[in-house]
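Trainee: structure of the sequence below:
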Amino acid sequence: MRLFKFQIGQFFLVIGVFMLAVFFVTDQSRSPQFLLFFGGVLVIAVGISIMMRNREPPTGESARFRRVRQYRQKSRERQEKKRRELQARREGGRPPENPENPERQP
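Mentor: Sure, this is the predicted structure:
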């Protein structure tokens, strides 16, 4: 039902734009029909309000900028690892062991 109402809003939007186009044509012929202008603006406003009320909610996380998010996450992990190692050195202890590569110890 939401999709149907959204499409009705689109219909009103298109009709309003058409009415404004006809108004501009009548304005060029030096006999403007202001009823078309005000009617077109009103119909566009009604169409937009119907479309906004009945739009579909966003679906989850988008795939846009996926690589940037992955890069930022890895960068945060590296910074956190460096911070922990620096903190361990300041405390006089050894840095925590690397669970990813146990044979390589600093």
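
Trainee: packing partners of the one helix or strand Val25 maps to?
Mentor: For Val25, the host element (DSSP states H and E) is helix 2-28. On a contact count with 3 or more Cβ pairs under 8 Å, 6 or more residues apart in numbering; DSSP states H and E, helix 2-28 meets helix 34-53. Just so you know, the C-beta spots here come from the backbone N, C-alpha and C atoms, and that holds for glycine as well.

Trainee: work out the gap between the helix it packs on and the centre of the chain.
Mentor: On the basis of Cα atoms, centre = their mean, to the nearest Å, helix 34-53 is displaced by 25 Å from the centre of the chain it belongs to.

Trainee: which SS class is Ala63?
Mentor: Here Ala63 is recorded as coil under DSSP: H, G, I helix; E, B strand; the rest coil.

Trainee: how near is Leu36 to Pro58?
Mentor: The spacing between Leu36 and Pro58, counted by Cβ to Cβ, to the nearest Å, is 36 Å.

Trainee: which other residues reach stretch 26-38?
Mentor: If you take Cβ atoms under 8 Å, 6 or more residues apart in numbering as the criterion, stretch 26-38 is touched by Met19, Leu20, Val22, Phe23.

Trainee: which pair of the residues you listed spans the longest distance?
Mentor: Longest distance between any two of those is 7.3 Å, between Leu20 and Val22; criterion Cβ to Cβ.

Trainee: shared neighbours of these two, anything?
Mentor: Counting by Cβ under 8 Å, 6+ apart, the residues touching both Leu20 and Val22 are Leu36, Gly40.
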